Structure formats: structure tokens, C-alpha cells
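**Q** Quick one, fold the following:
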Amino acid sequence: MWDVSSIREHMEVTGSCGTHVGTVDRVEKEWIKLTRSSADQGDGHHFVPLDWVESVGQSVRLHRPAEEVFKAWQTEPAQAR
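**A** This is a model prediction of the structure:
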């Protein structure tokens, strides 16, 4: 089990496949906000829900593959599911 306080600014976020998804800007309520510079799939910030997190160590690993994350992440946390 991981603790949300272990997710820190500038940590790498990877999909379950090991592919880079982004870099943590900060945690906002139940969302991880990725930095703008890491948003390879378009301009602006992207958000992924904390319930997608599989583990936290040197990086944040999601339980979804990167391709699925890129299709499902949101630009506003209130819209993400």
C-alpha cells in the first residue's frame, strides 16, 4: 500500500507498461496534476486520478498502460473519472 504523501513534485509517472506518462506537478485533492512540460499529448496540464496509482517508489506507477492513460486523462480534475 502506498501513501499519498509519498507522491512528490517532479516524480516521474509511468504507465503499467513502463512508458513515461508525465511528471508530477502536485497532488490536488484526489488527482495528480502533471506538469505542462510533460504533457506530450497536447498543451496544458493533465490530471490523472489517484485511484489509478498502483505503487509509489522512485516514481509513480499507474495500473493502466500509457496508451490508456493518454486516452482517458483530463484537462480539468472535475471532469476526470
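
**Q** List the buried residues in stretch 57-69.
**A** 59, 60, 61, 62, 64, 66, 69 (16 or more other Cβ atoms under 10 Å). C-betas here are computed from N, CA, C, even on glycine.

**Q** To clarify, my last question referred to stretch 4-14.
**A** Buried residues in stretch 4-14 (16+ other Cβ under 10 Å): 7, 11, 13, 14.

**Q** Let's verify residue 58: helix, strand, or coil?
**A** Of the three states, residue 58 takes coil according to DSSP: H, G, I helix; E, B strand; the rest coil.

**Q** And it, how far from residue 71?
**A** Using Cβ to Cβ, to the nearest Å, we find residue 58 at a distance of 26 Å from residue 71.

**Q** Show me the strands in this structure, by range?
**A** Under the criterion DSSP state E, the chain contains strands at 12-14, 20-28, 31-34, 47-49, 53-56, 60-62.

**Q** For residue 3, find the nearest of those.
**A** strand 53-56 (7.5 Å; Cβ to Cβ).

**Q** Contacts for that closest one next, please.
**A** Residues outside strand 53-56 that contact it (Cβ atoms under 8 Å, 6 or more residues apart in numbering) are 2, 3, 6, 7, 11, 16, 32, 60, 61, 62, 63.

**Q** Repeat the analysis, applying 10 Å as the threshold.
**A** Strand 53-56 has contacts (Cβ atoms under 10 Å, 6 or more residues apart in numbering) with 1-8, 11, 13-16, 32, 60-64.

**Q** swap in stretch 28-35?
**A** 4, 7, 9-11, 13, 21-27, 40, 44-53, 60, 62, 69, 73-74, 76-78, 80.

**Q** Kindly reformat the strands of the chain as a markdown table containing mean pLDDT.
**A** Formatted as a markdown table, the strands of the chain follow (pLDDT from 0 to 100):
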| stretch | mean pLDDT |
| --- | --- |
| strand 12-14 | 97 |
| strand 20-28 | 94 |
| strand 31-34 | 94 |
| strand 47-49 | 95 |
| strand 53-56 | 97 |
| strand 60-62 | 98 |
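
**Q** Thanks a lot, see you next time.
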